[in-house]
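**Student:** Make a model of this:
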Amino acid sequence: MRPRGSVASALVGAAVVVVLTGCSGDDGGPDVPTREPATAAVSPAAARPAGQVFPAAATTALLAERSTGRLAALDTAGTALALIDPAAPTTPATITLPAVGVSLAQGKPGEVLVAAAGRVVRVDAVTGAVTEIPVDGDVHSVQTRTDGTLVVGTADGTVRELNADGTVTRTITGLVSADVIALTGENITVVDRKQTAVVAVGDEALGLMLRAGDGATNAITDPHGRIIVADTAGGELLVYSAGPLVLRQRFPVLSSPYALAYDPRSELVWVSATQSNEVVGYDLSTGIGVEVARFATLRQPDAITVDERTGDLFVASATGDGLQRISADERKRGQ
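**Tutor:** Predicted structure coming up:
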């Protein structure tokens, strides 16, 4: 490892509150200030990546299915999903999706969920069998609860809660776009990239909304109830808690932080730095984000994930440079 020392951090007691007010625009959405969603920086040519690199298609989203360890890799066109056995990474099974996919999420054990236009696609991580749940709208994000219910967010800012059979039980509107869903206990929090905000979702309406840096992109949760957000445009990592929604930590992560993953074995948050082709590991346990590891990646590391069974970290290139595995043992040895 090449620790760079503690990163400056501060508990933030006064976050900017954004209030959803104003008249509806011509498209029926809220009339509020927006921005073009932030994106990962264009990466330079990569140096020698750590670990092992295997051939793989250009990838926009990557998920290690929790119970099988199979990797699901969504190609940058959103039309194909590769199912990869980490024990045989050079022979993936690729399935053609019934609609263009946007993001991936863990489903029930052994299942990967694909957020797609007009539906949530359920994919068996081993067999590749596909079923669909129709959803009204262009689904950008989906998460599943332990009871099998789904929470989905759409491009027009609608959040819906669905039973396992697809029956809609709750619909909340008012966002500009519902790009990332974060579930912590009974709390639902949404990242709206066009407003660069995190928003609590109540039983019948939106709750508190907080500004999320200068250009928030991705978010994950951890077992401690934290919501970890990459402020890609602002070069920071933001850490929230829900119920009520509070910004607890913010600290700089330079080089365009983008993809996020959590390793429950080491309790580290991993973030990809797309300007420098690196992944950086942070320990959040003290309330101050501390960098503990940094590894070189392949070019354009727009998607990362951790196999919770082994602790191996996987990085996928959005330019087709391959799939990288940095094993838990290698991370312990450092570079």
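**Student:** does D307 really touch P86, like I thought?
**Tutor:** Yes. Between D307 and P86 a contact is recorded at 6.5 Å, counting by CB atoms under 8 Å. C-beta coordinates here come from the backbone N, C-alpha and C atoms, glycine included.
**Student:** Those two: who's more crowded?
**Tutor:** Neighbour count, other CB atoms under 10 Å: between D307 and P86, D307 has more, with 23 against 18.
**Student:** confidence score at the more buried one?
**Tutor:** What the model reports for D307 is a pLDDT of 97.
**Student:** could you list every residue that touches it?
**Tutor:** 64, 69, 71, 86, 314 (CB atoms under 8 Å, 6 or more residues apart in numbering).
**Student:** pLDDT score for the first one?
**Tutor:** It refers to A64. 98.
**Student:** Distance of it relative to P264?
**Tutor:** Per CB to CB, to the nearest Å, A64 is found 12 Å from P264.
**Student:** so what sits against both of these two?
**Tutor:** Contacts common to A64 and P264, judged by CB under 8 Å, 6+ apart, are E308.
**Student:** Tell me how many other residues surround A129.
**Tutor:** Look at A129: counted by other CB under 10 Å, it has 11 neighbours.
**Student:** right, and it touches V112 too?
**Tutor:** No. With contact defined as CB under 8 Å, A129 does not reach V112; the gap is 11.1 Å.
**Student:** Quickly list what's touching both of the two.
**Tutor:** Listed as contacting both A129 and V112 by CB under 8 Å, 6+ apart are V123.
**Student:** re earlier: among A64 and P264, which residue is more densely surrounded?
**Tutor:** A64 (25 against 12).
**Student:** Okay, and the beta partners of that one?
**Tutor:** Beta-bridge pairing for A64 (DSSP bridges): L71.
**Student:** contacting residues around it?
**Tutor:** 70-71, 305-308, 314.
**Student:** again, but for Q275
**Tutor:** Going by CB under 8 Å, 6+ apart, the list of residues near Q275 reads 41, 43-44, 254-256.
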